[in-house]
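Engineer: Pasted the sequence and its predicted model underneath.
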Amino acid sequence: MNFIEPLFIHHMVGTAGNTFCRAIANSTPARDHVELRYGINNIEINPDFVLHKIQKPCLFRGHNIYGLIELCNLNYKYSTILRNPYDRLITDWFWKRTIDAFKSANLTYSRYNSLNEFYSFLESSPHLEFYIHHLGVLDYINSQHFCIEECSRVTNYSAYNSAITSLQKKFDFVGISEFMDLSIYSYSKLKNITNIKSWLPVRHMKTPNRPQFNELPSRYQNIIKNKTVFDRLLYEEYRENFHLEHSHFERDNEFKLYFDSNLSINNIESSEIDSINFNETEFISKIKLLKDNIKIGLFGIGTFCHNLIDKGLFSNFEFVAQFDENTNLSSKLSLTTYPDFQIPNFEIDVLIITSTRLNAHYRRYAIDIKKINNSKFIVI
């Protein structure tokens, strides 16, 4: 068997790195998607450490991966993906706020409260520079999200120079999340990846209650701009580099086909059932084939499914769990997003996904639930 190079993705929070990595790992050759999480805890690098025992194709990804290649004396380079630092900052803060809210019943999580807390955070923080510190100064021992203490160990000017040096010497690819299609395609060419999988089905869920940068009052837009000067400078430089190095791929017919295969996010998230050729008769026939008294889990309870319940279609089955896409309960059940949460071990015989909206991230959570419960799987 030919050796397949392991990939090391330095995934910085809020850059769509999860989406990028899942698409690459699912392409050909397929790679195990290994997430390295250490946070602020020290790790023991011994002969049994995972990076010393790479025996099959792997894609290693993590917020805490930078510095591990050198520590393990491996002859590889990192890759990463950058996003507009204004948007990255907003996603970072609201994502952490969401996690804190779920972990503590005492936190009142609402759009109004969150926005006011965010404004206070913007005003009180001496600076908001993130990339320049996480691309050179900070290694794998960090708290992942923006932390003013961690991002103030050296001056921003020194951190910027360190980040530029690091990117030039230790990274072989820097993608741009605003050009996700081209980033995945270009990286695939660099790493001899074929049969490139769509990124849309594995797209990470949008952070709840997160505003867009252009929705913020001008006062707070200006604060973000003034406090991320170096991050913006670094982002613009590498966005320009990306364009110069990879824009020629846009002329490839292969890229055009890949681009066309990825429906726009707006189209996907607003797709009604009729537009995905839903066959009601076929679905009902699948349900009728199920044995009586089995345990069913329903995921994404839409109007259509309520009508079927009213008609008595499920009267012979036991409902074990319902996951309603409108309650955000599903986001507590993600294996990959919230590793601290334990998914309840529902004894589900059949998991049915039903929704009047084809929404990729809800599908992914349902798939996570299926993996835990080893249930049969019906998607509508």
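Structural biologist: Great, that's in hand.
Engineer: Now the phi/psi pair for T28, please.
Structural biologist: Dihedral angles of T28 (phi, psi; degrees, to the nearest 10) stand at phi -110, psi 130.
Engineer: That one and K189: what is the separation?
Structural biologist: When distance is defined by Cβ to Cβ, to the nearest Å, T28 is 13 Å away from K189. C-beta: built from backbone N, CA, C; applies to glycine.
Engineer: Give me the more crowded residue out of those two.
Structural biologist: K189 (16 against 12; other Cβ atoms under 10 Å).
Engineer: Can you spell out which helices and strands pack onto the helix or strand that that one is a member of?
Structural biologist: Here K189 sits within helix 180-190, counting by DSSP states H and E. In terms of contacts (3 or more Cβ pairs under 8 Å, 6 or more residues apart in numbering; DSSP states H and E), helix 180-190 is packed against helix 17-25, strand 171-176, helix 229-246, helix 253-261.
Engineer: Low-confidence bits of the stretch 201-350 of the chain, can you list those?
Structural biologist: 201-208, 261-350 (pLDDT under 70).
Engineer: try 90
Structural biologist: Residues of the stretch 201-350 of the chain that meet the criterion pLDDT under 90 lie in 201-215, 247, 250-350.
Engineer: can you list the helices and strands packed on helix 180-190 in a markdown table and add mean neighbour count and distance to I4?
Structural biologist: As requested, the helices and strands packed on helix 180-190 are arranged in a markdown table below (neighbours: other Cβ atoms under 10 Å; distance: least, Cβ to Cβ, whole Å):
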| stretch | mean neighbour count | distance to I4 |
| --- | --- | --- |
| helix 17-25 | 23 | 12 |
| strand 171-176 | 20 | 16 |
| helix 229-246 | 17 | 23 |
| helix 253-261 | 13 | 21 |
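Engineer: Out of the ones you listed, the one nearest C151 is which?
Structural biologist: helix 229-246 (10.2 Å; Cβ to Cβ).
Engineer: how about the helices in the chain?
Structural biologist: 17-25, 68-71, 85-103, 111-124, 131-132, 156-170, 180-190, 218-227, 229-246, 253-261, 265-269, 280-288, 303-310, 360-373 (DSSP state H).
Engineer: List of residues touching the fourth one?
Structural biologist: Put plainly, it is helix 111-124. The contact list for helix 111-124 (Cβ atoms under 8 Å, 6 or more residues apart in numbering) reads I90, W93, F94, R97, L128, N209, P211, Y220, I223, I224, K227.
Engineer: Now do the closest residue to the fifth one other than its chain neighbours: how many residues are near it, please.
Structural biologist: Once flanking residues are discounted, L128 sits nearest to K227: 4.0 Å by Cβ to Cβ, 6 or more residues apart in numbering. For K227, the count of nearby residues is 19 (other Cβ under 10 Å).
Engineer: residue contacts, K227?
Structural biologist: Counted by Cβ under 8 Å, 6+ apart, K227 has contacts L122, S125, P126, H127, L128, E129.
Engineer: Please name the nearest non-neighbouring residue to the fourth one.
Structural biologist: On the basis of Cβ to Cβ, 6+ apart, the spatially nearest residue to H127 that is not a chain neighbour turns out to be K227, at 4.9 Å.
Engineer: any idea how far the one you found lies from Y131?
Structural biologist: Distance from K227 to Y131, by Cβ to Cβ: 13 Å.
Engineer: got a list of what K96 touches?
Structural biologist: H145.
Engineer: quick revisit: how much space is there between the residue nearest to H127 and L216?
Structural biologist: 13 Å.
Engineer: low-confidence ranges in the stretch 51-200 of the chain?
Structural biologist: Checking the stretch 51-200 of the chain against pLDDT under 90 turns up 51-58, 62-65, 67-74, 94-116, 136, 139-144, 178, 181, 194-200.
Engineer: Share the number of residues neighbouring the closest residue to G14 other than its chain neighbours, please.
Structural biologist: Using Cβ to Cβ, 6+ apart and skipping the chain neighbours, the partner closest in space to G14 is T91 (3.7 Å). By the criterion of other Cβ under 10 Å, T91 has 19 neighbours.
Engineer: what about T91, distance to N161?
Structural biologist: From T91 to N161 the distance is 26 Å (Cβ to Cβ).
Engineer: and if you look at I148?
Structural biologist: I148 is 20 Å from N161, by Cβ to Cβ.
Engineer: if we can go back for a sec, between the helices and strands packed on helix 180-190, which one is closest to Y157.
Structural biologist: It is, among the helices and strands packed on helix 180-190 and with distance given as Cβ to Cβ, helix 229-246, at 7.4 Å.
Engineer: what angle sits between the closest one and helix 180-190?
Structural biologist: Compare the direction of helix 229-246 with that of helix 180-190 by axes from the mean of the first three to the mean of the last three Cα atoms, to 10 degrees and you get 60 degrees.
Engineer: Quick check: buried residues in the helix holding K189?
Structural biologist: Going by neighbour count (16 or more other Cβ atoms under 10 Å), the buried part of helix 180-190 is M180, D181, L182, S183, I184, Y185, S186, Y187, S188, K189.
Engineer: if I look at the fourth one, how far off is F249?
Structural biologist: The reference is to S183. Using Cβ to Cβ, we find S183 at a distance of 10 Å from F249.
Engineer: same deal with the third one?
Structural biologist: Applying Cβ to Cβ, the value for L182 to F249 is 6 Å.
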